[in-house]
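Student: Coordinates only, no sequence provided:
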């Protein structure tokens, strides 16, 4: 990691620490209205893990589902730059993407990221085939619809990482774990990294 990227990650880490110190009440906003300013981020442990995984691929097309404020995108864009790949980052809210774009510019990584704004499922459907790495980290009820959209576009050897799998009582993440493991060619494992990640690899017969 160069100094610019390390400085940006440390700025995010300070924001994450501030976020964790706040009361947990749900503020106005979210998917349908207002501006949700909560910094939802995978955290340093998961960030480093996805960076290592993505770097293991040669010139990968990386797809991030849920830009949020851009933290995980820094880890993935650094991997894309190092491996000769590119990152496509999708987000519903333009104000989150704008913050992420500014941070990517500070890190010197903006040229390696294609930010897209809109409905994730529809944007995935519009992508050409040939995806090598996917981070699934958006609204949990979208995990399976996104899986159905990106599965036909996977390259052999593609890696899928779904975050927030340790959410007690959340049926959406439970169903995603079952759905991804039922897909032909998928080998999958649930790991106790961060808030729980399902790591899957696609190897068609």
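Tutor: That came through, no problem. Since the model is a prediction, treat every value here as computed from it, not as a measurement.

Student: Low-confidence stretches in the protein?
Tutor: 24-40 (pLDDT under 70).

Student: Scan it for its longest strand.
Tutor: Taking DSSP state E as the criterion, the chain has its longest strand at strand 154-162.

Student: Which strands or helices does the helix or strand following it pack on?
Tutor: Following strand 154-162 in sequence order, the next helix or strand is helix 171-182 (DSSP states H and E). Counting by 3 or more C-beta pairs under 8 Å, 6 or more residues apart in numbering; DSSP states H and E, the packing neighbours recorded for helix 171-182 are helix 143-150, strand 154-162, strand 186-191, strand 197-202. Where you see a C-beta, it was placed from the backbone N, CA and C, and this is true even at glycine.

Student: Now tabulate the ones you listed in JSON lines and tack on distance to residue 20.
Tutor: Putting the helices and strands packed on helix 171-182 into JSON lines (distance: least, C-beta to C-beta, whole Å) gives the following:
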{"stretch": "helix 143-150", "distance to residue 20": "24"}
{"stretch": "strand 154-162", "distance to residue 20": "22"}
{"stretch": "strand 186-191", "distance to residue 20": "22"}
{"stretch": "strand 197-202", "distance to residue 20": "19"}
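
Student: Residue 133: which of these is closest?
Tutor: Residue 133 sits nearest to strand 154-162 of all the helices and strands packed on helix 171-182, at 5.1 Å, using C-beta to C-beta.

Student: just checking, what packs against the closest one?
Tutor: Checked by 3+ C-beta pairs under 8 Å, 6+ apart, strand 154-162 has helix 44-55, strand 131-136, helix 143-150, helix 171-182, strand 197-202 packed alongside it.

Student: Tell me which residues of the fourth one come out buried.
Tutor: Just to be clear, that refers to helix 171-182. The neighbour-count check on helix 171-182 (16 or more other C-beta atoms under 10 Å) flags 173, 176, 177, 180 as buried.

Student: Residue 57: which of the residues you listed is nearest?
Tutor: When these are compared against residue 57 (criterion: C-beta to C-beta), the nearest one is residue 180, at 18.7 Å.
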